[in-house]
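1. Sequence and computational prediction follow.
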Amino acid sequence: MEKTSVLQSFFNPRSIAVVGAADDPAKMRGKLLKITLASAYAGPVHPVHPKGGIIQGQTAYTNLTQIPGGADLVMIATPGPTVPGVVREAVSAGAKAAVILSSGVDMDELADAIGDSGLRYMGPNCEGYIALDGAAATFAAVADAALAAGRPPRRPGRKVSIVSQSGGLGFALFGRGIRENLDFHAVVTTGNEGDLESLDFVDHLLDEGETGVLIMFIEGLKSPARFAEVASKAADKGVPIVMMKIGRSEAGQRAAVSHTAHLTGADTAYDAVFERYGVIRVFDQEELLSVAAALARFPHVPIDKVAIVSTSGGAGGWAADLCGIAGLDVPVLSEALQADLSQWIPEFGSTANPVDVTANAVEAGGVPLVHVLERLQDSDEVDAFIVNIGLHASNRIAKLADILGPVLARARKPILFTSHIVPIAENMAALADLGGQGFHSYTGCAAALKGIGRYAAFQADWQRRGAIPPAAAPQLVALKPGVLDEADTAALITAYDIPIPPTALAKDRDAAAREASAMGFPVVLKIQSPDISHKTEAGGVRLGVREGEVEAAFDEIMANAEAYDPEAKIEGILIQKMMPKGHEVVIGVIRDPDFGPLVMIGSGGIYLEVLKDVVFAPPPISPDEARRLILSLKTAAILKGVRGQKAADIDALAKLVSRVSELARTETRIEQIDFNPVFVYPEGDGVVAVDALAVAIDPNAHAVTHDHH
């Protein structure tokens, strides 16, 4: 049975059994039954207990096999050692799905109990789930409270779902989200992921079509290779994923030979893959909920310029500063627009931006505030606005509802509300009912707007992308493990049209002098040995060698290499035409054990590993995408030309990065590459890779296996 279809047995089962159910709803197993009965699920719920009887008003069975017609879904919260036996009963009773909330389960016995029955399970050691329109299988107090409080009527915007490996945090975010007036579809916690994993549930929620924003909390992915497929589906459906990833993923056991490998951090691959698929990574709960709320409530539009409308001049100025720090522009409004706004703003206010509408805007029944918001909606001078008013007074939004509601309903731009005075829950809920959203801080507002803008920009790029053709067949199939020798390196460079200086390999000093003379001076001499990857450290490089100096330089390099590593296999010395200096960049490849190849672009030179001005992305990378990556570097301004210098040939560099990305996804035997330095010449003059280092995979070196719990 397909994973997606079996998940129907979790959210909409024909019948449910709660094993170990208790009559006391204050106890964990009593609460589990209470929440199941209180959920939106309308089918039969069967308590199972060795003593039978009546439990919470339901007939209890002593054994799963006694339930007439069996149970589709079995909830198990009995002690860990009993779980395999319960699962054997569930299989006998024809169950399709199980939620194992218990911990301390013998996984081998559990696998044996399931056998080839096809039963799928969530957990063990999870806190279960709640589908707000379907079944619930959890003992979480916040789920109990949410069902007891009753759900508010459906509000404008998109529904949010949470998929979390941590039960405690998944339901904690649910509780906070309810307080922030988010509308939820489902909360799923996957625990130890002995069988079904977080991506299975994300995939199912996307197929259901009820979820408009996905929040994920993970330490790592059980099947990272599936992430691209699931995240692509989310991107195709326009469902943003807001990601809180904690912990550090283990890199495989490999020797970090290249600079690229040294610069690959524990989370580099996750960040690169998140960026590719428009996943918005956040780092604390306020940021997570602010971004999720904004993506759920507002249109996904590009955001660069922000208007701040405030009843307090000081609060407006503070908001402007924090927006600036977040990279959002708070532009001074045009004279014409200011003149237009001035008819609703007292002289002691301000029309510049921040727009200080003064307390009068709200005290006068909100009419001045609404006029300002409508005028700004119609202006192309701003993309979104933050409205700061006091949300501390009871009925403040209720009194404005008749005139504010239509403005929010028609809004094509995000209108975020915040309050410099501690807001009350009533006003925040009233805003959500009207299709607005209240935020607790200016940093929350800024994070929300950045999240919307980033997702809108991603979607624009995603829509432009064409279908990705499959990778070509590898051209280099018989590579020896370890650092590539000169012949294999040359074959790689030729196969992918990597521009390099005129080059020749010399086995002796006389051949070196002849080759150097033929290509013209000055030249560079470099030791060629698969055993010496960092040539400079070994004294194996001489730059700027002129006529008459080649033989002595040859002898010196050979002696240095012998002293550095007497066992090293020496292939000769590479003679290379010395190229004029250009802007130095590095292009590299690393093969991540979870996500496969990643391409790195960075500022080159001696400070590469100090400044770490690098960016990673998974292939394929089109020239346009490569250009965007290059321009995201901190040193991009230098490439674009500063102080009268001519701009560098960024187009040629982007084409080279794109070719290297094809190399990365095609040559599956290559584990690491450095093209360092790559000289980038002025616009129109191209690029040249001055040095290349490539490492082939050792099939006998196994990556570390890692569990994210």
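-> Alright, I've got the coordinates. Numbers count the residues shown, from 1 in each chain.
2. For the rest of this, base every contact and every neighbour count on C-alpha atoms.
-> Fine.
3. for the helix or strand containing residue 505, packing partners?
-> Assigning secondary structure by DSSP states H and E places residue 505 in strand 503-506. If contacts are counted by 3 or more CA pairs under 8 Å, 6 or more residues apart in numbering; DSSP states H and E, strand 503-506 sits against helix 509-519, strand 572-577.
4. okay, the ones you listed in TSV with distance to residue 42, mean pLDDT and mean neighbour count next?
-> Below are the helices and strands packed on strand 503-506 laid out as TSV (distance: least, CA to CA, whole Å; pLDDT from 0 to 100; neighbours: other CA atoms under 10 Å):
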stretch	distance to residue 42	mean pLDDT	mean neighbour count
helix 509-519	83	94	17
strand 572-577	77	93	24
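5. Of all these, which one comes closest to residue 196?
-> Closest to residue 196 of the helices and strands packed on strand 503-506 is strand 572-577 (CA to CA; 54.3 Å).
6. And the pLDDT for the residue nearest the centre of the chain?
-> Closest residue to the average C-alpha location of the chain: residue 274 at 2.9 Å, with CA atoms, centre = their mean. Confidence at residue 274, expressed as pLDDT, is 96.
7. what does residue 616 give?
-> If you check residue 616, the pLDDT there is 95.
8. same deal with residue 703?
-> pLDDT, residue 703: 42.
9. So which elements touch the helix or strand that contains the residue nearest to the centre of the chain?
-> For residue 274, the host element (DSSP H and E) is helix 268-276. Judged by 3+ CA pairs under 8 Å, 6+ apart, the packing partners of helix 268-276 are strand 280-281, strand 614-617.
10. could you dump those to TSV with distance to residue 683 and mean neighbour count?
-> Formatted as TSV, the helices and strands packed on helix 268-276 follow (distance: least, CA to CA, whole Å; neighbours: other CA atoms under 10 Å):
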stretch	distance to residue 683	mean neighbour count
strand 280-281	35	21
strand 614-617	22	24
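11. Correct me if wrong, but residue 202 is in a helix.
-> Yes. Under DSSP: H, G, I helix; E, B strand; the rest coil, residue 202 sits within a helix.
12. what sits against it?
-> By CA atoms under 8 Å, 6 or more residues apart in numbering, the contact set of residue 202 is 163, 214, 230.
13. Could I get the phi/psi values of the second one?
-> Geometry field for residue 214 lists phi and psi as phi -110, psi 130, criterion degrees, to the nearest 10.
14. Quick check: beta-bridge partners of it?
-> For residue 214, the beta-bridge partners are residue 161, residue 241 (DSSP bridges).
15. residues contacting it?
-> Applying CA under 8 Å, 6+ apart, the residues near residue 214 are 160-163, 202, 239-242, 292.
16. try 10 Å this time
-> 159-163, 185-187, 202, 205-206, 234, 239-243, 279, 292, 295-296 (CA atoms under 10 Å, 6 or more residues apart in numbering).
17. Now render the helices and strands packed on helix 268-276 as TSV, adding distance to residue 270.
-> Output for the helices and strands packed on helix 268-276, formatted as TSV (distance: least, CA to CA, whole Å):
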stretch	distance to residue 270
strand 280-281	10
strand 614-617	10
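18. among the ones you listed, which is nearest residue 381?
-> strand 280-281 (26.5 Å).
19. right, and residue 692 touches residue 574 too?
-> No. With contact defined as CA atoms under 10 Å, residue 692 and residue 574 do not form a contacting pair (11.8 Å).
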